[in-house]
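Asker: Quick one, fold the following:
(one chain, ligands or ions: 1)
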Amino acid sequence: MKLYANVDIVNRRLASHGMKGNNKKIKSHVAIGKKPLEDGQKEIFIMVSNTQQRQGMKFPIIGNIEQVFTRLVNEGKTTIRFKEPENDLCIHGDPIEVKSFLSVLKKVLSGQDVEKLTLSALQPLSNKQIAGPKRKLTVAKRSEYPVKEGFPQTLTHVKINGIRLAKIDKRILKLMNLTELDLMENEIEILPEDCEALTRLSILNVASNKINVIPRGFSAGQLSNTLTSLNLTSNSIKLLPNHVCQLAQLVSFHIDENELTQLPPSLGNLSKLKILTATNNKIKFLPGSSAALRLEKLDISNNPWDESQARVVSNKLTGVSNLLELSACQVITHKIKYEPEDMFPQLLRYLESVMFCPCKKPIWNNVARAMVKLQLARISSSVSCNGLKEINMDAFLCSSKCLKTFVNNPFAF
Ligand SMILES: [Zn+2]
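Answerer: Now for the predicted structure:
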């Protein structure tokens, strides 16, 4: 049983004489292990190894633990008080790892058959082991790219910049502990379809690449649960697919300097979004759902905003939708699962071209389109838009009732 955590070994005798240690926790390996004794018995120890204790400091366990403090164990903190030497082992690590360490310790103390427990061999650690698992990787030159060594599973941060990387390495997409991935200034064209193994990825920066395709799997899969920051600035994106709005945890979204002519219709579904920047594109209108946004910062400067009058642009509303639209509406409304490979491509394209009325109803052809003025100050506390205070927002509406409501007050939905 081994734990890698911050550890401080406090000498109680010194502390009681007013001489506290440096009280600094050091990254250490804490192992529970056994050592054979001459009489054939085995003694069980806790061994702490770190850069200052390379050989490892051993504390016998049986009959030598005065108390184990577990009040803060949910925060990953615990203190083990030994009788001899008079030391307190203050541990702060990952709560789950600390708990499982303590449960092994408890089994040892309760005299359970130690042969059955997985205990470590109490060997001094190598320099590499003492340095601890590798968490961060930075590559700034092609020669630093770990072509052969690969990427250790322990990595939480990967930064690969300016090496003309043409696609994202599949091995990176398997890093389950990765929280931050920075691939700025490369030549990546397509975002990955399968990110299911990236269960902790929160920050993705792919600014200054050549991205022009954002596959459905990228936004509709695992990343929709974890991704809070996405930077797509300076790429070649012409169309931001509506499924991007399934990235429900997004707080910060940068899409400046692309070739967008519009923002996705369901943008307003990003209910956690606080920062949105989309400067230097070719956007003319904001989507109707924008009225639902509550941002702290909105920068949409340098776009060719349409400044025409508010009006009903088109009205193709018919009493009843055709059969295709009615059934597609059921598929989307009831979230009926479908596999792209089971579908005719035309049907798949039709389903994916869905728009939503501000009332949330899925719509296709049986729609009216209207344009109203949106006061930017109502959706963001800080606004930059070349001095413009209001912008045309266009929406597709499902019925005469929704059309009337939208024209009178787009915030009414
Ligand atoms: Zn509607």
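Asker: Contact distance from the ion - what residues of the chain qualify?
Answerer: Within the chain, the residues that sit near the ion (C-beta under 5 Å from the ion) are 357, 359, 361, 398, 402. Any C-beta I mention is one placed from the backbone N, CA and C, and that applies to glycine too.
Asker: From those, which land in helices?
Answerer: The helices, defined by DSSP state H, take in residue 402 from the residues of the chain next to the ion.
Asker: The residues of the chain next to the ion: which two are farthest apart?
Answerer: 361 and 402 (7.9 Å; C-beta to C-beta).
Asker: Put together JSON lines for the residues of the chain next to the ion, with pLDDT, distance to residue 73 and neighbour count on each row.
Answerer: JSON lines is the format used below for those (pLDDT from 0 to 100; distance: C-beta to C-beta, whole Å; neighbours: other C-beta atoms under 10 Å):
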{"residue": "357", "pLDDT": "92", "distance to residue 73": "50", "neighbour count": "22"}
{"residue": "359", "pLDDT": "90", "distance to residue 73": "49", "neighbour count": "15"}
{"residue": "361", "pLDDT": "92", "distance to residue 73": "49", "neighbour count": "15"}
{"residue": "398", "pLDDT": "95", "distance to residue 73": "53", "neighbour count": "22"}
{"residue": "402", "pLDDT": "95", "distance to residue 73": "53", "neighbour count": "24"}
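Asker: Tell me which residue in the stretch 151-300 of the chain sits closest to the ion.
Answerer: Here the residue of the stretch 151-300 of the chain nearest the ion is residue 288; by C-beta to the ion that distance is 10.2 Å.
Asker: Local confidence estimate at that residue?
Answerer: pLDDT for residue 288: 91.
Asker: Equivalent analysis for residue 43, please.
Answerer: As summarised for this prediction, residue 43 has a pLDDT of 82.
Asker: hang on, it in a strand?
Answerer: Yes - note on residue 43: a strand contains this position according to DSSP: H, G, I helix; E, B strand; the rest coil.
Asker: Quick one: neighbours of it, just the number.
Answerer: By other C-beta atoms under 10 Å, 14 other residues sit near residue 43.
Asker: Was I right to think it contacts residue 34?
Answerer: Yes - contact criterion C-beta atoms under 8 Å: residue 43 and residue 34 qualify, at 6.7 Å.
Asker: Just give the closest residue to the residue of the stretch 151-300 of the chain closest to the ion, not the sequence neighbours.
Answerer: What sits nearest to residue 288 in space, not counting adjacent residues and going by C-beta to C-beta, 6 or more residues apart in numbering, is residue 395, at 2.4 Å.
Asker: who touches the one you found in this structure?
Answerer: For residue 395, the contact set (C-beta atoms under 8 Å, 6 or more residues apart in numbering) comprises 287-289, 357-358, 369-370, 372, 406, 410.
Asker: helix, strand or coil for it?
Answerer: Relying on three-state DSSP, one would call residue 395 strand.
Asker: Likewise for residue 383?
Answerer: Under three-state DSSP, residue 383 comes out as strand.
Asker: which phi and psi does the residue nearest to it when sequence neighbours are not counted have?
Answerer: Using C-beta to C-beta, 6+ apart and skipping the chain neighbours, the partner closest in space to residue 383 is residue 376 (4.4 Å). Per-residue torsions, residue 376: phi -60, psi -30 (degrees, to the nearest 10).
Asker: Now do the strands in the stretch 201-350 of the chain.
Answerer: Remark: strands assigned in the stretch 201-350 of the chain by DSSP state E, counting those that start in this stretch are 203-205, 229-231, 252-254, 275-277, 286-287, 295-299, 311-315.
Asker: Could you identify which of those strands is most buried?
Answerer: Ranked by mean neighbour count under mean count of other C-beta atoms under 10 Å, the strands of the stretch 201-350 of the chain are led by strand 286-287, which reaches a mean of 25.
Asker: next one: it to chain centre, how far?
Answerer: For strand 286-287, the separation from the chain centroid amounts to 26 Å (computed by C-alpha atoms, centre = their mean, to the nearest Å).
Asker: and residue 240, what does it touch?
Answerer: Residue 240 makes contacts with 214, 255, 260, 262-264, as judged by C-beta under 8 Å, 6+ apart.
Asker: Kindly recompute the last result at 10 Å.
Answerer: 214, 219, 232, 253, 255, 258, 260-264, 267, 278, 281, 283 (C-beta atoms under 10 Å, 6 or more residues apart in numbering).
Asker: quick one: the helices in the stretch 201-350 of the chain?
Answerer: Taking DSSP state H, counting those that start in this stretch as the criterion, the stretch 201-350 of the chain contains helices spanning 216-220, 223-226, 323-333, 345-352.
Asker: Compare those and report which one is nearest to residue 199.
Answerer: With C-beta to C-beta, the closest approach to residue 199 among the helices of the stretch 201-350 of the chain belongs to helix 223-226: 6.8 Å.
Asker: which residue is nearest the centroid of this protein?
Answerer: Note on the chain: the residue nearest the mean C-alpha position is residue 202, at 2.0 Å, using C-alpha atoms, centre = their mean.
Asker: If anything else comes up later, I'll come back, but that's it for now.
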